[in-house]
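S.K.: after the sequence you'll find the predicted model.
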Amino acid sequence: MSGQRILVTGASSGLGHAACERLAEGGATVLACARREDRLLELAKRWPNIEPHVLDVSDGGAVDRFCAALGPLDAAILNAGVTEVGPFTDSSAERDAQLIATNVSANVRLARGLRRPLQDGRLVFVGSMGGLVPLPYQAVYSGTKAFLHHFALALREEWAGDVSVGVFAPGGIRTEMTDVAALKKLDGQLADVGDVADALLAFTASTGALSVPGGTNKAAATLSRVVPRSWAAKLMERIYRES
Ligand SMILES: NC(=O)c1ccc[n+]([C@@H]2O[C@H](COP(=O)([O-])OP(=O)(O)OC[C@H]3O[C@@H](n4cnc5c(N)ncnc54)[C@H](OP(=O)(O)O)[C@@H]3O)[C@@H](O)[C@H]2O)c1
């Protein structure tokens, strides 16, 4: 992807941060977006080909202004996302709204704004295995990712020939998102963020529709197409409750 101009949201930590560093090392110009300016400035200090852009993707007006000012892009990786782990009733309506604004509304708005700069380019949404299989104790998150999968694959057909759209659906990754007490017992099953970033960039360089990285996740994704979703949800409920 050397010489390409690529936008990455959620660039300040985890998967987005690792993807930005790999892209910069490979010679791409990276537009790195997130809210935490200090993290973005650190990235830009290390890599002169990373442009820091402070952007709260849940602020619709800011997203519109940002997209309107963009020149042509070769690719965009819409990776920013948040979750809430625990019983649905322990959270709040405000937290639900923030989750839906960040994981759903922001990506829909960004897709609309990025259509022009991405002519003949590639648009990748970062979904989740939680978009394929219902996740009890991450019910709102799982719902937002299921939305994203359908949205991405529908858009892929509408925009065929103009923008190549795909959805990348990883399983658990060791990042800030999973660094919470409720998931500590699952730590041994989490993937290394660098390995997942490599898979994300390989998928971005392709024209694929949907990618699930990792052998075990691929097997689970295949199984999820034949096992009733209610069974899968029951199994996931037990795994999370016992973790
Ligand atoms: N970790 C996992 O197990 C896992 C599994 C499957 C899928 N995923 C998906 O992978 C993606 C990256 O997650 P991660 O694990 O790397 O999590 P992470 O380390 O918590 O990173 C999340 C990124 O999203 C950004 N972000 C959150 N809210 C934002 C907002 N309103 N505006 C702009 N940026 C915002 C954060 O930046 P600021 O806070 O600086 O804004 C941060 O850079 C997410 O879409 C997640 O759902 C993660």
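M.R.: Received, thanks.

S.K.: burial of L78, as a residue count?
M.R.: L78 is flanked by 28 other residues according to other CB atoms under 10 Å. Bear in mind the C-beta positions are built from the backbone N, C-alpha and C, glycine included.

S.K.: oh, that last question was meant for M1, not what I typed.
M.R.: Neighbour count of M1, defined by other CB under 10 Å: 18.

S.K.: ok, D198 next?
M.R.: One way to gauge burial is a neighbour count; for D198, by other CB under 10 Å, it gives 15.

S.K.: quick check: which element contains it?
M.R.: D198 belongs to helix 193-205 when elements are defined using DSSP states H and E.

S.K.: quick check, that helix touching the ligand?
M.R.: No. Among the residues of helix 193-205, none lie within reach of the ligand under CB under 6 Å from any ligand atom; the closest is 6.8 Å away.

S.K.: pull the residues that contact the helix ranked longest in the chain.
M.R.: Longest among the helix segments of the chain by residue count, using DSSP state H, is helix 139-158. Where contact means CB atoms under 8 Å, 6 or more residues apart in numbering, the residues beyond helix 139-158 that reach it are 81-84, 88, 91, 96, 99-100, 103-104, 107-108, 111, 123, 125, 127-128, 130-135, 164-167, 169, 209-210.

S.K.: what subset of the residues you listed is also close to the ligand?
M.R.: Of the residues in the contacts of helix 139-158, proximity to the ligand by CB under 6 Å from any ligand atom holds for G81, V82, S128.

S.K.: residue boundaries of the helices in the chain?
M.R.: With DSSP H as the criterion, the chain has helices spanning 14-25, 37-46, 60-68, 93-100, 106-114, 139-158, 193-205, 215-224, 229-241.

S.K.: now, of the ones you listed, which is deepest in the fold?
M.R.: With neighbours defined by mean count of other CB atoms under 10 Å, none of the helices of the chain is more surrounded on average than helix 14-25, at a mean of 23.

S.K.: tell me what angle it forms with helix 37-46.
M.R.: Using axes from the mean of the first three to the mean of the last three CA atoms, to 10 degrees, the interaxial angle of helix 14-25 with respect to helix 37-46 works out to 20 degrees.

S.K.: can I get helix 14-25 as CSV, trimmed to CA atoms?
M.R.: Backbone C-alpha positions of helix 14-25 (Å, rounded to 0.1, in the frame of the first residue of the first chain) are rendered in CSV as follows:
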residue,chain,number,x,y,z
GLY,A,14,-5.4,-1.1,19.8
LEU,A,15,-6.1,-2.3,16.3
GLY,A,16,-6.3,1.1,14.7
HIS,A,17,-3.0,2.2,16.2
ALA,A,18,-1.2,-1.0,15.1
ALA,A,19,-2.7,-0.7,11.6
CYS,A,20,-1.5,3.0,11.3
GLU,A,21,2.1,2.0,12.3
ARG,A,22,2.2,-0.8,9.8
LEU,A,23,0.8,1.3,7.0
ALA,A,24,3.2,4.1,7.8
GLU,A,25,6.1,1.7,7.8
